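Colleague: generate coordinates for the sequence data below:
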Amino acid sequence: LAAFLVRAVSDDVLPPAFVQPHRPEGVMSELHVSTLTQARAQLMAAHFGDKRRKVWGPSADASVDALKHSIAQTAREYFVSADAAEATRCVRELNAAAFHHELVKRFLVLAIDGGTRERTLAVEFVVRLRREEILSSEQLVLGCQRALEAEPDIRLDNPRAPQLLADFVEAFCRDDVLPEPEIWLELARNLREPKPGE
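Modeller: As a prediction, this is how the structure comes out:
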């Protein structure tokens, strides 16, 4: 938690005053005091700058475009080889847990561009990542939301995109990896309804 606060202050997400003790120490827990003390010490240490930049992991210095490229490359290689263990290793090496929503979206979109085999592989891989707790439920939800938001654009290249996205959502619900499945199943039903003029 101290590392998170340090990077947030360094990136101007939080003001430096955030890590100053605001309440009497008797009101704060021992963990609270310890966390703020560690954060203040790291922020004051001039030599700590490089470690501070790495607090989110090695991927913090990578650009968004570089991460997107790596994810797309991993997906394409996986769809050719079907080697889930190797693809999982690549995801771990990215060390970008906060960017896994992009991974979910990219795998689904690329699978839509492929065929039945790619769509099956995409579902199996996402479920594997979730079950192995590499992919958090929050990142899975965000990735699915982003894929659904992109549906109008995806549909321009593939008119079946709404139905295929509904298939993904239903598969994730069947495999019990999406929280609040009743909401997602309702979204899937809506995707299957014909749009006006179709």
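
Colleague: and residue 198, what pLDDT?
Modeller: Per-residue confidence (pLDDT) for residue 198: 56.

Colleague: low-scoring pLDDT stretches of the chain, where are they?
Modeller: Applying pLDDT under 70 to the chain flags residues 10-13, 21-28, 42-62, 195-198.

Colleague: what ranges do the helices span in it?
Modeller: Residue ranges of the helices in the chain, as given by DSSP state H, are 2-10, 30-44, 49-53, 64-81, 84-94, 100-113, 116-131, 137-149, 151-157, 161-174, 181-192.

Colleague: Serialize those helices to TSV and add fields for distance to residue 19.
Modeller: Any C-beta I mention is one placed from the backbone N, CA and C, and that applies to glycine too. Converted to TSV, those look like this (distance: least, Cβ to Cβ, whole Å):
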stretch	distance to residue 19
helix 2-10	6
helix 30-44	4
helix 49-53	13
helix 64-81	28
helix 84-94	29
helix 100-113	28
helix 116-131	34
helix 137-149	25
helix 151-157	42
helix 161-174	39
helix 181-192	38
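
Colleague: deepest-packed of those, please.
Modeller: Burial of the helices of the chain is given as mean neighbour count (mean count of other Cβ atoms under 10 Å); helix 100-113 ranks first at a mean of 23.

Colleague: quick one: list the elements packing against it.
Modeller: Other helices and strands packing on helix 100-113, by 3 or more Cβ pairs under 8 Å, 6 or more residues apart in numbering; DSSP states H and E, are helix 64-81, helix 116-131, helix 137-149, helix 151-157, helix 161-174.

Colleague: those: which one's closest to residue 105?
Modeller: Closest approach to residue 105 among the helices and strands packed on helix 100-113 is made by helix 137-149 (4.5 Å; Cβ to Cβ).

Colleague: check which helices and strands the closest one sits against.
Modeller: Applying 3+ Cβ pairs under 8 Å, 6+ apart, one finds that helix 137-149 contacts helix 100-113, helix 116-131, helix 161-174, helix 181-192.

Colleague: mind checking which of the ones you listed is nearest residue 138?
Modeller: Across those, residue 138 has its closest neighbour in helix 100-113 (8.4 Å, Cβ to Cβ).

Colleague: dump the residue contacts of the closest residue to residue 40 other than its chain neighbours.
Modeller: Distances taken as Cβ to Cβ, 6 or more residues apart in numbering place residue 19 nearest to residue 40, at 5.2 Å, with adjacent residues excluded. Listed by Cβ atoms under 8 Å, 6 or more residues apart in numbering, the contact set of residue 19 reads 5, 9, 36, 39, 40, 43.

Colleague: rewinding a little: any chance of the helices and strands packed on helix 137-149 in CSV, plus distance to residue 72?
Modeller: Shown next, in CSV, are the helices and strands packed on helix 137-149 (distance: least, Cβ to Cβ, whole Å):
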stretch, distance to residue 72
helix 100-113, 6
helix 116-131, 13
helix 161-174, 17
helix 181-192, 24
